[in-house]
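[1] would you be able to build a 3D model of this:
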Amino acid sequence: MCNSMKSIGLSIVLMVWGQNLYAEQVPGADPHAHHNMSMPTATPTPTAVPDPHVHHQMSMPKATADPHAGHQMVAPQSAADPRAGHAMPMAQTPSNPHAGHLMPMVKQASPMNHGQHQGMKAASEPAAQKYGPELPPPTAAALAEAFPDLDGMDLRKHMDTPLLGYLLVDQLEWQDADEGDRGVWDISGWLGYDMNRLWWRSEGERSNGEFEAAEVHLLYGRAISRWWDVVAGIRQDFEPGPGRTYAAVGIQGLAPYWFETQLTLYAGEQGQTAARLEAEYELLLTNRLILQPLVEINAYGQRDLENGIGAGFSDMEAGLRLRYEIRREFAPYVGLNWSRSLGNTADLIKAGGGDISELTAVVGLRMWF
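    Coordinates of the predicted model:
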C-alpha cells in the first residue's frame, strides 16, 4: 500500500515537471501567464517580445499611437481658476518614459465672453455705424424758433392763458338782530387772466323789508407779486341815505401767517375821503371743520350828517363763524357777529337814540364757483 502511494506521488511530480519543461521549450511563452491580472492582455504572437509589466494595474488602457495615452489630465482651466497650472500626477503607461512624473498643466487663455466680444466689436465699429448718421448743424431758422426774441413780444399770445372766472359767496346769512331778523350778504369775484383781472365786490344788509346798507365795487386788479394784487376802480353806495360814489384804490392779498387782507382808500364827492381795512383767517380744526374769524374797520376823513357818519374811525365789526364743508364748494356755518360804532359816529347814533353796539347769532351758507 505504501509503495503504491509513493508511485502515484512520483508520477504526479514527473507530470508537473514535464509540463513546465515543455512550456520553457515553447518560443514566445509568457512567464507571467499564470499571474492574476487586473486587465486582460492581448493574445501574444509567436514573435512578440514579452512585456514584463503586463500584470500591472493600469489607470487607462494603452494606446499605441498616442505616447501620452492614459495620462490623468483635467480640462484646461480658465485664467480665473486658482488651481490652473498646478502640478498633476501623470498616469503610468508602459510606452511612456515619463509615466508617474509630476508635470505642470499648461495655462490656457480664458475665452472671451459675449460682452467682451461685443465691446471689442463696438470699439472697432465707426461712430456713424454705432450712433447712426451724424445730425446736420441747426439752421438759423431753427435756432430762432427754439430761442425767440422776447423783447417786444406779446407773451399772452404764446402762453395761451385761458380766460378764467371766480365767484365767492363768503356770507349769505340770517342774523337775529334786536330790531328783528336781518339778512346779510358779502359776495366777491373776478374775471380775467393770471396778471390782469376785473374784480367786483358787493355787501349789504336788509331788515324788516328795507335795505339798511348796500354797496358795490368794480375794480381793475393787477398782480404785483405771487400773493398781492393792486386794485383801482369805483365804489357806489346805495344805502344808507342818498347814494355816494367814490374812486377806489387799494391792495389785497395774503399777508404773513395766512391772513386774507384788503386795504382800500376812497375819494368821493365834495372832498370826502374814507378807508377800509378787512382781515380774515381760516383755522382748520379738521379737514372739513373750519373756524373763520374776521375783522372790518372803517374810517372817514370828514363827517357826513345825511348818512349819520362822523369824522375819524366810524365803526368796526368782528365775527366768528364755524363752517363744515360738505364739499369744498358748499359749506353751511353758524357763528356770532359783533358790531360797534366808534368816535363821532357813535355820538351821532347816541344822539338819535340808537344802540352803538350789537351782538347777533348767525346761520348761513358759504359757496364758491
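[2] where does the stretch 151-300 of the chain have low pLDDT?
    In the predicted model of the stretch 151-300 of the chain, residues 151-160 satisfy pLDDT under 70.
[3] what segments of this structure are helices?
    For the chain, helices defined by DSSP state H occupy the ranges 2-25, 114-124, 127-131, 140-146, 155-159, 343-351.
[4] so what does the last one touch, helix or strand wise?
    Secondary structure elements in contact with helix 343-351, counted by 3 or more CB pairs under 8 Å, 6 or more residues apart in numbering; DSSP states H and E, are strand 312-324. (Glycine included, C-beta is placed from N, CA and C.)
[5] contacts for the strand it packs on?
    288-300, 331-345, 362, 364, 366 (CB atoms under 8 Å, 6 or more residues apart in numbering).
[6] how about 6 Å then?
    By CB atoms under 6 Å, 6 or more residues apart in numbering, the surrounding residues in contact with strand 312-324 are 288-300, 331, 333-345, 366.
[7] buried among those residues? Need that as a selection in PyMOL.
    One line in PyMOL is enough to select the buried ones among the contacts of strand 312-324; burial here means 16 or more other CB atoms under 10 Å:
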select buried, resi 290+292+294+296+297+298+299+300+331+333+335+337+339+341+342+343+344+345+366
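[8] inside strands: which ones of the contacts of strand 312-324?
    Mapping the contacts of strand 312-324 onto strands (DSSP state E) picks out 289-300, 331, 333-341, 366.
[9] distance check, residue 228 against residue 221.
    The gap separating residue 228 from residue 221 is 10 Å, by CB to CB, to the nearest Å.
[10] higher neighbour count, those two?
    Shown here are residue 228 and residue 221; by other CB atoms under 10 Å, residue 221 has more neighbours (21 against 14).
[11] please verify my assumption that that one contacts residue 231.
    Yes: with contact taken as CB atoms under 6 Å, residue 221 and residue 231 are classed as touching, separated by 4.5 Å.
[12] which neighbours do these two share?
    Joint contacts of residue 221 and residue 231 (CB under 6 Å, 6+ apart) are residue 199.
[13] list the contacts for residue 224?
    Taking CB under 6 Å, 6+ apart as the criterion, residue 224 is in contact with residue 230.
[14] all further residue positions should be reported with the first residue as 163.
    I'll keep to 163 as the first residue from here, and by that count the last item is residue 386.
[15] give me the distance between it and residue 441.
    19 Å.
[16] in the sheet, who's paired with residue 458?
    Beta bridges link residue 458 to residue 440, residue 479, judged by DSSP bridges.
[17] so it sits right up against residue 439, yeah?
    No: with contact defined as CB under 6 Å, residue 458 does not count as touching residue 439 (7.2 Å).
[18] residues shared between the contacts of those two?
    Common neighbours of residue 458 and residue 439 are not found (criterion: CB under 6 Å, 6+ apart).
[19] burial measure for residue 361, as a count.
    20.
[20] next, the contact list for the closest residue in space to it that isn't next to it in sequence, please.
    Setting aside the residues directly before and after it, residue 361 is nearest to residue 381 in space (CB to CB, 6 or more residues apart in numbering), at 4.3 Å. Contacts of residue 381 were listed using CB under 6 Å, 6+ apart, and they are 361, 393, 395.
[21] in CSV: the residues you listed, plus distance to residue 471.
    Formatted as CSV, the contacts of residue 381 follow (distance: CB to CB, whole Å):
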residue, distance to residue 471
361, 25
393, 23
395, 22
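[22] between the residues you listed, which sits nearest residue 326?
    Taking CB to CB as the measure, residue 326 lies nearest residue 361 of the contacts of residue 381, at 12.9 Å.
[23] my guess is that closest one contacts residue 353, does it?
    No: the pair formed by residue 361 and residue 353 falls short of the contact definition of CB under 6 Å, at 8.4 Å.
[24] what's the overlap in contacts for the two?
    When contacts are counted by CB under 6 Å, 6+ apart, residue 361 and residue 353 are jointly contacted by no residue.
[25] residue 408: how many residues sit nearby?
    A count of neighbours around residue 408, defined by other CB under 10 Å, yields 20.
[26] again with the one 3 residues further on
    Residue 411 is flanked by 14 other residues according to other CB under 10 Å.
[27] now, the contacts of residue 381 that are in strands?
    With strands taken from DSSP E, the overlap with the contacts of residue 381 comprises 361, 393, 395.
[28] ok, the first one - contacts?
    Taking CB under 6 Å, 6+ apart, we find residue 361 in contact with 352, 381, 383, 393.
[29] hmm, try it at 10 Å
    Taking CB atoms under 10 Å, 6 or more residues apart in numbering as the definition of contact, the neighbours of residue 361 are 328, 350-354, 379-383, 391, 393-395, 414.
[30] surely residue 411 meets residue 394?
    Yes: in this structure, residue 411 is within contact of residue 394 by CB atoms under 10 Å, at 4.6 Å.
[31] now for the two: what residues contact both?
    Residues touching both residue 411 and residue 394 by CB under 10 Å, 6+ apart: 381, 426.
[32] excluding sequence neighbours, find me the nearest residue to residue 333.
    Closest residue in space to residue 333, ignoring its immediate chain neighbours: residue 348 at 3.9 Å, by CB to CB, 6+ apart.
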